[in-house]
Structure formats: C-alpha cells, structure tokens
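Participant: My questions concern the predicted model and sequence given below.
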Amino acid sequence: MALKPLDILKFLPKTNCKECGFPTCLAFAMQIAIGKADLSQCPYVSEDAKKQLASESAPPIKTITVGNKEKINLGGETVLYRHEKTFYNPTGIGVLIDEDMNEEKIEEEIKNICEMKYERVGVLLKGEFIGIFDKEKGKFVEVVKKAYETGKNLILMSDNIDNLKKAIEISKDVRPIVFPDTLKDEILQIVKDNNLPIVVKGSNIDEISENVKKVKNSGVEEIIIYVESKKISDVFKNLILIRRSAILKKNKELGYPVLTIPAFLTDNYLKEGIYASIFIAKYGSIVLLSKLNGEILFPLLVERLNIFTDPQRPMTTPEGIYEIGKPDENSPVFVTTNFSLTYFIVSGEIENSKIPAYLLIQDTEGLSVLTAWAADKFNADTIANLVKKTKIEERLKKKVLIIPGVVAQIYGELEEQLPDWKILLGPREAAHIPSFVRNVEI
Ligand code: SF4
C-alpha cells in the first residue's frame, strides 16, 4: 500500500543531516512516497524500521512471481480503479489443455500459444500460460513435459499426488502453479517443499478465507484464489468483493492474485471471450481460455495492453532508426515522434505504401507531433540532431527526409540545418502517406 510522506517520516531519524542527498528528512520521505528515492539512501535507518516500513508499504494484494524464461508478476495491485494510480501487473493469458483433447488438438493449442504473437505500438503481445487439467487418463505428465518445453508458465491442475510429483519434477524451474481439487496435507507439503504457489478455491469469500487460512497455517505463503462457481454473475460478484476486501478493508486472507477460467462458465466460445474480457478488466490475474483463436485472443491482448498501462505516462517507442520493408541506399527517410500511437500509425501507413523506407523516431517524451512541436520538443534543431546522431546518412546515397505535414513551419530552417538533404513536406494525415509517396518524386 502506498505510504504517505508523514507515515514514512516516522521511521527516519529526523536529524536533517542531508547525507541522503535531500535537504531534510521530510523532503527525503516525500521522494520515497512517490518512488523517486529508496530508504537505503539514509544510512541511519535501523533494520527493524526497514522491515516495518517494508511490511507497511507492501501492496494489499500480494505479488507472486512465476516463470523462468517468461517470468511474470501476478497481483501486486494497490487500487480499485486504474485512474486512481495505475494497475501494475497485467493479467496473464493462457490456454487450458484438457486431457480429454486428442493428441492433435493438444499439439495445436501448444503451438498456438507459442506462435500467436502480435506487435502493437511497439509492444509484443502474446499469451504466457498453459494450464494442464489432469482427468486421470494417463496423459497428464506427458502433456506437462510438452508444455514445459515451450518455456511458458504452467498451471498444474491435478489432485493425483504421483502425477503432481512427476509434473513438478519436470517443471519446477518455471515455478508452476499447483491447482489441486482438494487441500490434502500431502499436496500442501509438496507445494511447501518445492516453494511453489498454490490455487485455493471456494464458492464465496468466507469459504475462500477459511481455505486460505488453512493453507497459510501449513506454511505455504504464495496463494492464488479461484472462485468456484458455474455462474458468471457469482464469479464476477466475488472477484469484486475479493478486490474490495483486500484494498479497502485490508483483509489479508483475500489479498492474493485471482485465477479465472471462463471456459468453465460457458460452452460458447464467443461468450467465453466476452467473459475473459470482463475478467481482464475486473480483476483476474490469470485468464485461461479453452482454445486460442486469433479473433478472440488479439482483442483480449489489446484490452490488457490498454488497461495495464500507466495512465499518467504516455506510451513510447524507443528513439532510433526503424526499417520498414527492406530499405536500401535510395530509400526515403520519414521522421516522427516517439508517441507509440504515432509510431504505430505512421509505420503502418508506410508499410501500406509498399515503398521500403526508413523511419526515424525522435524521443519527444511520448508527445504526438503537434504537441511536441508546440512544446518545442520537435523542431528543426531536434530533427537535425537526430539525423546526425543516428548517422542515417551512412546508409544512404540519396538523402531524402520527409517531415510531417503539420510542422510545415520548420521546413525552411530544417533545409538550412541539413543542406545536403532534400527535405519534403509530407502529408498532414498519416493515412495519406501511400498516395503521397506514389505521387511525389523521391
Ligand atoms: Fe534524514 Fe537520513 Fe536524510 Fe539524514 S540521511 S537527512 S537522517 S533521511
């Protein structure tokens, strides 16, 4: 939970000695509260105070880290609504492999989770989890082995002690999540011995709290909650109750990430997709789908991207040279700002034009073209500096630079700053790039 500066100040010596780099202990506390300083910068804070502060500042929803190659944090949230601050850890999305599936279908879904990837606003979107459901038909361990080889994060849904032991032995380095049907002492012991997270279920918050207490008493600390119901309304209501109890009432028994499986609520795949989108918005930490189709997976990944971005910080693309198509020494160079949406739209339209080109992205702290120009962060000086800094001319014989049409004001000055270049004023709208490049002599 985010602490206020005065709460933090209680743990500081209040001598204002300045050794932390701030003029007073209060100034230091204010910087810690907004995440711009670390308590370790004050050499006089006792170990006890550090521990107490860490426990008081821990998020009301515990953060659980799973995975190896595709490590992912679950939970760790501090607010009910994104606009209050931000959501930190995106919902993990995955596929549920059921032992009833035939070999071909199992192979297909494992292939899908590995191959279905989409790039949007410079971010790679993909699913991260494979859940394997043991129905004691003899295939569970074999499927776990195949799923483990993908490097994805695993959820082992089994109540069979032998199968669980074998599956954990295969996959323990990815920290699989164990999801048993019952909380047998032997299963709790295996989970504890291997330091793994466990899924604890219940049909309502009282039952869940009781089961969480039992698991905690066994010494297992990393818990993921599952609401057991066949009705979407029950699951949705309980997800909200769990989040509200954890954040507003500081209920420790409910302060854990939550697993959701929309496939258990409907046989209709379209509805499953809709339920998944509800759980991404409120408040699933993991969503498992019964199969992966692009038309359902892609919108869910985009929804997740939109919800789990910091509303106070614009999304950005790293500054640099981007190649669109296979540009050569005669290809034109476009320049624009690093607001991700701008990059995404401009690069898409250059691609649509079918003319290979270089795209220079300038760091404008995530501002779009006109805003950056108005803030004096995208002008003839900054563009000329970027051209020189990236040494783009070393890749070119013909030096043609196309600037966005909305910054026509900088055209003359840019020509003076880059005398070896032919500067072209591009269209005002990115959508007109294809017709622009077809009709202009480059
Ligand atoms: Fe205060 Fe510690 Fe900073 Fe000194 S180093 S001013 S005691 S916070």
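Facilitator: Cool, the structure landed.
Participant: quick one: the residue positioned nearest the centre of the chain and Ala167, what's the gap?
Facilitator: The centre of the chain sits closest to Pro90, judged by CA atoms, centre = their mean, with a distance of 4.3 Å. Relative to Ala167, Pro90 is positioned 26 Å away (CB to CB, to the nearest Å). (Each C-beta comes from the backbone N, C-alpha and C, glycine too.)
Participant: for Gly325, same thing?
Facilitator: From Gly325 to Ala167 the distance is 46 Å (CB to CB).
Participant: Check Ala384 too.
Facilitator: In this view, Ala384 and Ala167 are 59 Å apart by CB to CB.
Participant: Which of these two has more residues huddled nearby?
Facilitator: Ala167 (26 against 18; other CB atoms under 10 Å).
Participant: Now the residue nearest to the centre of the chain: closest residue in space, sequence neighbours ignored.
Facilitator: Among residues not flanking Pro90 along the chain, Phe308 sits closest, at 3.9 Å (CB to CB, 6 or more residues apart in numbering).
Participant: go on, Val191?
Facilitator: Using CB to CB, 6+ apart, the nearest residue to Val191 is Ile198, at 4.7 Å.
Participant: In contact with the one you found, which residues?
Facilitator: Ile177, Val178, Phe179, Pro180, Ile187, Leu188, Val191, Val215, Val220, Glu222, Ile223, Ile224 (CB atoms under 8 Å, 6 or more residues apart in numbering).
Participant: residue contacts, Pro327?
Facilitator: Pro356, Ala357, Tyr358, Arg395.
Participant: Likewise for Ile32?
Facilitator: By CB under 8 Å, 6+ apart, the contact set of Ile32 is Leu3, Pro5, Ile8, Asp38, Leu39.
Participant: any idea how far the second one is from Ile34?
Facilitator: Just to be clear, that refers to Pro5. On the measure of CB to CB, Pro5 and Ile34 end up 9 Å apart.
Participant: now Phe179
Facilitator: From Phe179 to Ile34 the distance is 38 Å (CB to CB).
Participant: of these two, who's got more company?
Facilitator: Phe179 (24 against 9).
Participant: Need the phi and psi values for that one.
Facilitator: phi -120, psi 90 (degrees, to the nearest 10).
Participant: Pretty sure it sits against Leu164.
Facilitator: No. With contact defined as CB atoms under 8 Å, Phe179 does not count as touching Leu164 (9.9 Å).
Participant: where do the contact lists of the two overlap?
Facilitator: Leu156, Ser158.
Participant: Let's test this: mean pLDDT of stretch 219-228, rounded?
Facilitator: When pLDDT is averaged over stretch 219-228, the result is 97.
Participant: My error: substitute stretch 415-422 in the last question.
Facilitator: In this model, stretch 415-422 carries a mean pLDDT of 96.
Participant: now swap in stretch 357-377 and tell me
Facilitator: Per-residue scores along stretch 357-377 average to 96.
Participant: what's the closest non-adjacent residue to the residue of the stretch 251-400 of the chain found nearest the ligand?
Facilitator: Per CB to the nearest ligand atom, Gln312 is where the stretch 251-400 of the chain lies closest to the ligand, at 26.4 Å. Excluding its sequence neighbours, the residue lying closest to Gln312 (CB to CB, 6+ apart) is Thr86, at 6.9 Å.
Participant: and if you look at Thr63?
Facilitator: Per CB to CB, 6+ apart, closest to Thr63 is Gly76, 3.5 Å.
Participant: Tell me the residues on the chain that lie near the ligand, please.
Facilitator: 12-13, 15-20, 22, 25, 28, 42, 44 (CB under 6 Å from any ligand atom).
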